[in-house]
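> Give me the fold of what follows.
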Amino acid sequence: MKTYSLLISVLASLFIAVGCLGPRGYDGIDGVDGYDGTNGQNGKDGVANVGAAIYDVEPSSWVGDINGYTTTLIVPEINNYVFENGAVLVYVIQEEGSDYQRFSQLPYTWLNNSNTEYVDFSAFIGRIEITIRWVDEGINNTDAPAGLYTFKIIVIEGTPLSVLQANIDISNPEAVLNYIN
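Okay, the predicted model is just below:
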């Protein structure tokens, strides 16, 4: 009986193997050409879906205590796709005199004698939480923000941060936008 079962198994395998062979089929018609990297999406090949916005945060928008203050920015452009495949960059805009502004990428640490100011962010789907904390000689000493904080948010769809870092200085928001556009 074992021999009979073995013979049937071998014959079945042989028929299956032979049945899979045959002449090669015809090639299908060519598909529509994809973007070539020169004209961007929707007629602008090579351009990622990028959004940049400025958010002003009033002193009353911060919540916290001596250990740090947090504010939440609603950023609907951070969807599942961006969260999993894209990049979110956050900069604090610092006024240095009436004619000069500069962007500092978060996380940001500023040392002023014995005081250290930390500004950091966490990105979530649909929002960003920004935290500030001041430390004086190693002790948390965060006052409630008294002035306006301004942040620039850049949301880049489908471009991993590692790709950006390999090609440009991501601490410069203008360089990021120029590279993408």
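
> Pull out the buried positions in stretch 146-154.
Tyr149, Phe151, Lys152, Ile153, Ile154 (16 or more other CB atoms under 10 Å). Placement of C-beta: from N, CA and C, glycine included.

> Give the rounded mean pLDDT of it.
The average pLDDT within stretch 146-154 is 91.

> Roughly how far does the residue nearest to the spatial centre of the chain sit from Asp136?
Relative to the mean C-alpha position of the chain, the nearest C-alpha, by CA atoms, centre = their mean, is the one of Ala87, at 1.4 Å. Distance, Ala87 to Asp136, using CB to CB, to the nearest Å: 34 Å.

> and Glu129, what does it touch?
Residues in contact with Glu129, defined by CB atoms under 8 Å, 6 or more residues apart in numbering, are Thr70, Thr71, Thr72, Leu73, Phe121, Ser122.

> Relative to Gly51, how far out is Pro86?
If you look again at residue 86, you'll see it is Gly, not Pro. In terms of CB to CB, Gly86 sits 10 Å off from Gly51.

> Find the residues that touch each one of the two.
Joint contacts of Gly86 and Gly51 (CB under 8 Å, 6+ apart) are Val155.

> neighbour count winner among the two?
Legend: neighbour count by other CB atoms under 10 Å for Gly86 and Gly51, higher for Gly86 (20 against 14).
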